[in-house]
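Asker: only geometry, no sequence info:
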């Protein structure tokens with residue numbers, strides 16, 4: 001009797017508790033009342049048939065197969081765990097790792113993934129679809145439906161959709177449609193005999209940017225973005241500018257796995273008014289009507305410690321980028337062309353570089369090729385000495401472009417020097433640490449450079465030349481810190497303070513080289529720089545400009561750190577540098593500019609940055625750059641900056657600009673952006689643009705008004721309109737805040 005009572009009690013417990021497991025050997029199935037998953041819903045009922053492995057649920061049933069691989073909820077459903085079949089009615093939802101299916105009457109097999117539904121809705125963000133008579137294929141998991149549509153508008157009544165007589169869905173991959181018609185607010189606007197769209201963010205899409213600019217006239221910039229799985233993707237541009245003419249070209253990105261990624265771009269523009277911009281650049285005349293550019297970029301790491309790079313930038317004329325790709329021109333007005341290979345070992349690296357001249361209108365040094373072997377600092381046996389080296393050999397030609405016969409530069413051009421050069425540098429250092437806090441690193445080295453007699457320098461035939469240079473120096477530095485863990489300040493968000501100070505003194509002595517620089521070809525020469533040039537060898541790598549040097553560089557780094565949100569953050573980072581020339585050359589002062597670089601972040605949402613170069617001997621302010629950025633929330637941000645550069649410092653022209661970029665999100669539907677650049681020398685608002693954003697649920701619309709003022713050509717006014725799907729945005733979040741070219745299609 002006790003034995004029978006125990007068995008009876010176990011059965012009663014199983015029935016009362018509504019066990020989610022139908023059998024001990026079928027652990028992948030969980031069948032429960034929906035009210036057990038979502039308390040507060042209508043109390044359902046489930047009848048289990050343990051012998052047949054089936055269950056029938058009413059008023060809410062929950063089915064979980066294979067630990068969440070597929071989950072079904074419905075008002076009513078019959079489940080067969082042996083075959084995997086489920087017949088479900090009423091608010092049926094099937095969720096898997098790939099898709100979400102919704103319908104009123106669905107037959108589904110959890111094991112074969114066969115799905116049949118009279119009416120359905122499905123989605124894989126950001127693509128959604130709906131239709132009738134859905135059937136699934138168990139072998140390749142392809143689903144077909146008739147009288148269906150797709151959209152990225154996640155609403156029961158989408159604003160736009162693509163309807164088709166037949167739709168084929170490959171979960172997680174793509175959607176194919178036949179006899180597809182695009183509808184906007186229920187109105188048919190376009191027909192595709194066949195239409196295919198990838199699922200997910202890499203979905204083929206169109207972007208259209210209409211607008212007007214004084215320099216272009218009315219324009220329409222059309223781009224088709226396409227994706228070929230993980231193998232390739234790209235864009236096809238078809239543009240028209242009423243005042244300039246048609247332009248078109250493809251961009252192709254190829255993903256080669258171990259052999260890296262390659263990008264190819266070509267663009268052709270028939271320009272009806274090609275000399276529109278030559279007033280800005282007086283030497284550039286007779287620009288051709290047929291204008292084009294070609295770009296090839298490739299980068300790969302086919303083996304460990306082996307990097308390969310290639311870049312080709314061809315332009316039919318020097319103003320091609322300026323006229324039609326101003327964003328790229330602003331970043332780099334004279335793009336490079338090169339092929340480079342780098343091989344690294346523990347103590348050595350080998351670099352091979354070639355820079356052919358593909359644009360005759362730019363000044364350039366050709367390296368055909370330049371091969372360099374670098375020895376990283378490495379200990380010499382068991383001694384305290386360290387050795388490093390750098391040796392190179394190559395054939396070089398230096399070109400100067402200049403205006404000839406009224407044509408744009410580079411029609412002919414001349415080379416100012418060409419030669420074979422072999423250079424070898426070797427150096428010994430002796431790092432010491434005294435008192436466990438003072439670092440002293442003396443160094444001594446020398447280099448030998450050979451130049452062949454193949455070229456010319458200053459119009460005089462060269463002879464074979466061998467130049468020797470000796471260098472020596474010592475670097476002294478230390479580092480100290482102080483901690484104040486109890487320091488707090490709510491306004492500056494200070495939670496403890498640590499001050500780090502790093503003073504340094506670096507002395508470099510280079511006696512007169514055996515051959516002065518003005519008697520050598522100038523392939524690697526020291527150009528004016530906004531930042532202080534390095535002093536120590538081999539960091540100072542202007543090989544052909546090496547000259548006598550007797551300099552002490554003083555450096556002082558101050559860092560003030562605190563904790564914010566549990567993370568270490570720099571409150572202040574201030575670096576000071578000053579060069580004292582003990583034996584200045586005739587063109588030099590005793591002191592180089594005092595250079596200051598400061599970053600101050602008083603709060604997490606306020607950042608102030610400053611760079612200053614001050615000429616102590618002449619009393620001139622050579623360079624200043626100040627910027628403050630406010631980002632208190634995602635609702636608004638404001639950046640202000642000032643840039644000044646003295647005439648003759650780096651450029652023959654003086655620069656003095658104030659700029660501002662402001663963004664404000666009025667509400668969930670509207671936003672505003674304003675950008676300004678003010679020329680303080682001419683008192684002219686040189687550039688200004690204003691953008692209004694409108695959220696259209698599944699679309700983002702923007703209209704931009706811009707004006708560029710110049711003393712040479714009439715003010716360039718523009719207005720552009722951009723419409724972008726949120727599922728396939730025109731720009732990544734925040735890109736248009738710092739680069740307004742995204743808003744105008746340039």
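Answerer: Now that the structure is in, tell me what you want to look at. Remember, predicted model here, so these are calculated numbers, not experimental data.
Asker: Where do the strands of the stretch 51-200 of the chain begin and end?
Answerer: 54-58, 61-65, 70-74, 76-80, 85-96, 100-109, 115-124, 127-136, 143-151, 160-170, 174-184, 187-198 (DSSP state E, counting those that start in this stretch).
Asker: same check, this time on the stretch 251-400 of the chain
Answerer: So, for the stretch 251-400 of the chain - with DSSP E, counting those that start in this stretch - the strands run 261-270, 290-303, 306-315, 338-344, 348-354, 364-379, 386-400.
Asker: Could you find the closest non-adjacent residue to residue 444?
Answerer: residue 472 (4.6 Å; Cβ to Cβ, 6 or more residues apart in numbering). For every residue, glycine as well, the C-beta is placed using N, CA and C.
Asker: again, but for residue 96
Answerer: Per Cβ to Cβ, 6+ apart, closest to residue 96 is residue 70, 4.7 Å.
Asker: circling back to that earlier point, partner strands of the host helix or strand of the residue nearest to residue 444, parallel or antiparallel?
Answerer: Assigned by DSSP states H and E, residue 472 belongs to strand 465-478. Using DSSP bridges, strand 465-478 pairs in its sheet with strand 438-451 (antiparallel), strand 494-510 (antiparallel).
Asker: could I get the strands of the stretch 51-200 of the chain as CSV with mean pLDDT?
Answerer: Output for the strands of the stretch 51-200 of the chain, formatted as CSV (pLDDT from 0 to 100):
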stretch, mean pLDDT
strand 54-58, 89
strand 61-65, 89
strand 70-74, 89
strand 76-80, 91
strand 85-96, 88
strand 100-109, 85
strand 115-124, 76
strand 127-136, 76
strand 143-151, 79
strand 160-170, 82
strand 174-184, 82
strand 187-198, 79
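Asker: Could I get those in CSV, plus columns for distance to residue 500?
Answerer: Output for those, formatted as CSV (distance: least, Cβ to Cβ, whole Å):
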stretch, distance to residue 500
strand 54-58, 66
strand 61-65, 55
strand 70-74, 54
strand 76-80, 66
strand 85-96, 53
strand 100-109, 53
strand 115-124, 51
strand 127-136, 52
strand 143-151, 56
strand 160-170, 57
strand 174-184, 55
strand 187-198, 51
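Asker: Tell me the bridge partners for the nearest residue to residue 118 once chain neighbours are set aside.
Answerer: Sequence neighbours aside, residue 105 is the residue nearest to residue 118 in space, at 5.4 Å (criterion: Cβ to Cβ, 6+ apart). Residue 105 forms beta bridges with residue 89, as assigned by DSSP bridges.
Asker: So the residue nearest to residue 96 sits against residue 110, correct?
Answerer: Yes: using Cβ atoms under 8 Å, residue 70 is in contact with residue 110, at 5.3 Å.
Asker: more neighbours, these two?
Answerer: A direct count of neighbours by other Cβ atoms under 10 Å for residue 70 and residue 110 places residue 110 higher, at 25 against 22.
Asker: Hmm, that one is touching residue 88, no?
Answerer: No: using Cβ under 8 Å, residue 110 is not in contact with residue 88, being 11.5 Å away.
Asker: overlap in contacts of those two?
Answerer: Each of residue 72 lies in contact with both residue 110 and residue 88 under the rule Cβ atoms under 8 Å, 6 or more residues apart in numbering.
Asker: For the spatially closest residue to residue 654 that is not a sequence neighbour, grab the count of nearby residues.
Answerer: Computed as Cβ to Cβ, 6+ apart, the closest residue to residue 654 that is not its neighbour in sequence is residue 647, at 3.8 Å. Residue 647 sits with 12 neighbouring residues when counted by other Cβ under 10 Å.
Asker: Which of the three states applies to residue 647?
Answerer: Under DSSP: H, G, I helix; E, B strand; the rest coil, residue 647 falls in the coil class.
Asker: if we look at the strand holding residue 472, which residues are touching it?
Answerer: 427, 437-451, 502-511, 513-515, 519-520, 535-537, 546, 549, 555.
Asker: Pull out the buried positions in it.
Answerer: For strand 465-478, burial by neighbour count (16 or more other Cβ atoms under 10 Å) applies to 465, 467, 469, 471-476, 478.
Asker: Stretch 204-217 too?
Answerer: 204-205, 207, 209, 211-213, 215-216.
Asker: Which members of those are the farthest-apart pair?
Answerer: Using Cβ to Cβ, those span at most 31.7 Å, a distance reached by 204 and 215.
Asker: What distance do you get for the nearest residue to residue 635 once chain neighbours are set aside to residue 720?
Answerer: Spatially, and ignoring its direct neighbours in sequence, residue 635 is nearest to residue 665 (5.0 Å; Cβ to Cβ, 6+ apart). Plainly put, residue 665 is 21 Å away from residue 720 if you go by Cβ to Cβ, to the nearest Å.
Asker: likewise residue 80?
Answerer: In terms of Cβ to Cβ, residue 80 sits 60 Å off from residue 720.
Asker: which of the two has more neighbours?
Answerer: residue 720 (22 against 17).
Asker: Give the bridge partners for the more buried one, please.
Answerer: Applying DSSP bridges, one finds that residue 720 bridges with residue 211, residue 704.
Asker: what's the distance between it and residue 689?
Answerer: Applying Cβ to Cβ to residue 720 and residue 689 gives a distance of 10 Å.
Asker: okay, and for the stretch 501-650 of the chain, where does confidence drop off?
Answerer: Along the stretch 501-650 of the chain, no part satisfies pLDDT under 70.
Asker: show me where it has strands.
Answerer: Going by DSSP E, counting those that start in this stretch, the stretch 501-650 of the chain shows strands at 549-564, 567-581, 594-603, 606-615, 620-630, 636-645.
Asker: how about a markdown table for those, with distance to residue 724 and mean neighbour count added?
Answerer: Listed next are these as a markdown table, based on distance: least, Cβ to Cβ, whole Å; neighbours: other Cβ atoms under 10 Å:
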| stretch | distance to residue 724 | mean neighbour count |
| --- | --- | --- |
| strand 549-564 | 35 | 17 |
| strand 567-581 | 35 | 16 |
| strand 594-603 | 33 | 17 |
| strand 606-615 | 29 | 17 |
| strand 620-630 | 26 | 17 |
| strand 636-645 | 20 | 17 |
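Asker: Looking at these, spot the one closest to residue 312.
Answerer: strand 636-645 (32.0 Å).
Asker: Can you name every helix or strand that that closest one contacts?
Answerer: strand 620-630, strand 655-665 (3 or more Cβ pairs under 8 Å, 6 or more residues apart in numbering; DSSP states H and E).
Asker: Let me have those strands in a markdown table, adding distance to residue 193 as columns.
Answerer: Output for the helices and strands packed on strand 636-645, formatted as a markdown table (distance: least, Cβ to Cβ, whole Å):
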| stretch | distance to residue 193 |
| --- | --- |
| strand 620-630 | 51 |
| strand 655-665 | 42 |
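Asker: Identify whichever of those strands lies nearest to residue 94.
Answerer: Using Cβ to Cβ, those put strand 655-665 closest to residue 94, at 37.6 Å.
Asker: Name the strands paired with the closest one and say parallel or antiparallel.
Answerer: Assessed with DSSP bridges, strand 655-665 is paired to strand 636-645 (antiparallel), strand 670-679 (antiparallel).
Asker: Among those, which comes closest to residue 185?
Answerer: strand 670-679 (21.2 Å).
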